[in-house]
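> Fold the stuff below for me.
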Amino acid sequence: MTRRNRWLGGVMATLAIVGCGGDDAPAPVATREQIQARLPLALTEVTNETSAVVDVASGSASIDLIGEALESVSLPDSVMMDPTPGPGPVARGFRALGRAYLTWVVGPNLDSDTDGDRLVRWLLDNVFNDASFEGRGVWRVHGQGLCGEVCSGGAAPGAPPTFTCMPAPRCLAHVDELEIRVRVTLQGSGLDFALLVGPGRDEVLDIALEPRKVEVTFDLGGIKNAIAHVARVLGENVMLPTVLEGRVRFSLTLNAPRDVTLQAAVDRAIRVEAASDEGSISIELAAKAPAISVRLRDADPMLTVQLDVGKLTVSGPIHDTHLRGRLGVLLGGLEGRTELPRGASMLTLTDLGLGDVTSELSLDGARLIGLDLNAMAGRRTALTVTPGAGTAKAKLAFEPGLQLIGDLHLERLAQMGNMDVPAYLFGQTYTLDLTGPPVIEPRGRLLQMLAGRFRLASSAAPEAVVVDAPGCLDARDPVLAGEHALLGRFRSVPCP
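Residues are numbered from 1 along each chain as shown. Coordinates of the predicted model:
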């Protein structure tokens, strides 16, 4: 690791521990003695209980059910472009991310009672010391605790080697120029840390520590200003977006012993705009609090997950051989909830939805694809996945049912003259209805209706494809003259 990377890593470690205040009235400032007394209380219980409940969850067969359910869900083999045996990429990715999070982010290095003590000692020695105190609860961060040492010396003839080590002078100078300060205020029985960067003292993030809760808030506008200042000090050029604003909050709450809740919230809408050679790129994510909530506990239900992500809008230029113009993506939202008890044999997802507006893909402002989920039933549905045994696929049950409406206008792509787009994607609306309530199960190249009815219709086809339980849907039917180019592939057959 280079000298710069060493002290920069120390700076980033400090940023991960200390933060900036919000918009509330000023709170009483803290003293070094109050930090020394309160910080261990705010860290120890949350750290130890979180590690304990993660240990329980990571070894639970109920948690593994999520991966098993994903692995056993697939389309009929004939619909897949390149069916391969074993878990699909979504399932493999889910398990890899889950295990990485449990192992690297929360445990096992946080299960020692001494970790919190070491952290407190390092902060008191290197950040909240008397020499760094500037008054009114503000400490200036200096390079002695952050910069790596440079050693010089050697061995003279007949004498043992001697070395002199001291922090790198250039690193010390850079840290002083960065002007990193920490303002600490009292919040109830806890502490609030404010990170101030640069001569303008831009507030970057806020960390509120309480005995049973840790809350971290990032101000994206302050982060942009801080990055620009750091780049100037280091003499480096950085590509920053022209607009970066929004406020994101993460929290971990200890509800009871071995019972923790993690939440992510968008307190102020995120907006990013950046310039490119072809045109501007923009991203907007609506405010939602909380957007994600995960509760882990050593009880029933063991896992509770709640999603309520706001509307996402992305637009930017695209220019390649097949597609030119300004591409836009609108996702109306993402909602859903699941509770996983001990000994669960199925995964139930309730209140599933894609927001309260039509999701769409557009080109130069004109819709290419529009998608609605259960538009006539509150835009929500519930799904129960029962994993199959061995190589068997999962059974999927919807309540009250599933309706997907796709509004397709891909003729705009064909009009560009260099894309081969099937005509059945030109100016048609497709409707997939599963009613009954329906229960379906993929069976090799077939899709069996165990209960309810399957119906696939097109605005350009006189008749729909209908399959009633206990029949099967076959997607291998040759399309005959006069039949719809897509619906003609499907037919209802008796199940073998």
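
> Could you check how far Leu373 is from Leu396?
Noted for Leu373: a distance of 15 Å to Leu396, by Cβ to Cβ, to the nearest Å. Every residue, glycine included, has its C-beta placed from N, CA and C.

> I misspoke; the intended subject was Glu483.
Separation of Glu483 from Leu396 (Cβ to Cβ) stands at 28 Å.

> Of the two, give the one with the bigger neighbour count.
The neighbour count for Glu483 versus Leu396, taken as other Cβ atoms under 10 Å, is higher for Leu396 (20 against 14).

> The more buried one and Arg476, how far apart?
21 Å.

> And Met166, by the same measure?
Using Cβ to Cβ, Met166 is found at 76 Å from Arg476.

> Counting by contacts, list what whichever strand or helix holds Leu432 packs against.
Element membership of Leu432 [criterion: DSSP states H and E] is strand 428-443. When contacts are defined as 3 or more Cβ pairs under 8 Å, 6 or more residues apart in numbering; DSSP states H and E, strand 428-443 sits against strand 395-399, strand 402-408, strand 446-458.

> who wins for proximity to Gly325 among those?
Gly325 lies closest to strand 402-408 among the helices and strands packed on strand 428-443, at 17.5 Å (Cβ to Cβ).

> Quick one: distance of whichever helix or strand comes after that closest one to the chain centre.
Reading on from strand 402-408 to the C-terminus, the next helix or strand found by DSSP H and E is helix 411-414. Distance of helix 411-414 from its chain centroid, counting by Cα atoms, centre = their mean, to the nearest Å, is 34 Å.

> list the contacts for Val138?
Residues near Val138 by Cβ atoms under 8 Å, 6 or more residues apart in numbering: 29, 181-183, 196.

> Please report phi then psi for it.
phi -110, psi 130 (degrees, to the nearest 10).

> do Ala30 as well
Dihedral angles of Ala30 (phi, psi; degrees, to the nearest 10) stand at phi -100, psi 150.

> Tell me the spacing between the residue lying closest to Val150 once chain neighbours are set aside and Arg140.
Counting by Cβ to Cβ, 6 or more residues apart in numbering, Val150 lies nearest to Ala168, which is 4.8 Å off, once chain neighbours are set aside. Distance of Ala168 to Arg140, given as Cβ to Cβ: 19 Å.

> Quick one: mean pLDDT over stretch 449-462.
Taken as a whole, stretch 449-462 has an average pLDDT of 96.

> Flag every buried residue along it.
By neighbour count on 16 or more other Cβ atoms under 10 Å, the buried set for stretch 449-462 is 449, 452-458, 460-461.

> neighbouring contacts of that stretch?
395, 397, 401, 424, 427-441, 447, 464-473, 484, 486-487, 490.

> do stretch 324-335 as well
Contacts for stretch 324-335 (Cβ under 8 Å, 6+ apart): 279, 286, 307-318, 351-365, 380, 416.

> switch the cut-off to 6 Å
Stretch 324-335 is contacted from outside by 307-315, 317-318, 351, 353-355, 357, 359-364, using Cβ atoms under 6 Å, 6 or more residues apart in numbering.

> buried ones in it?
For stretch 324-335, burial by neighbour count (16+ other Cβ under 10 Å) applies to 325-328, 330-335.

> Now do the nearest residue to His229 once chain neighbours are set aside: how many residues are near it, please.
Using Cβ to Cβ, 6+ apart and skipping the chain neighbours, the partner closest in space to His229 is Gly198 (4.0 Å). Gly198 has 20 neighbours, counted by other Cβ under 10 Å.

> Could you do Pro199 as well?
Per other Cβ under 10 Å, the neighbour tally for Pro199 reads 10.

> Mind putting the buried residues of stretch 324-335 into TSV with distance to Glu411?
Output for the buried residues of stretch 324-335, formatted as TSV (distance: Cβ to Cβ, whole Å):
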residue	distance to Glu411
Gly325	14
Arg326	18
Leu327	17
Gly328	18
Leu330	20
Leu331	24
Gly332	24
Gly333	29
Leu334	29
Glu335	32
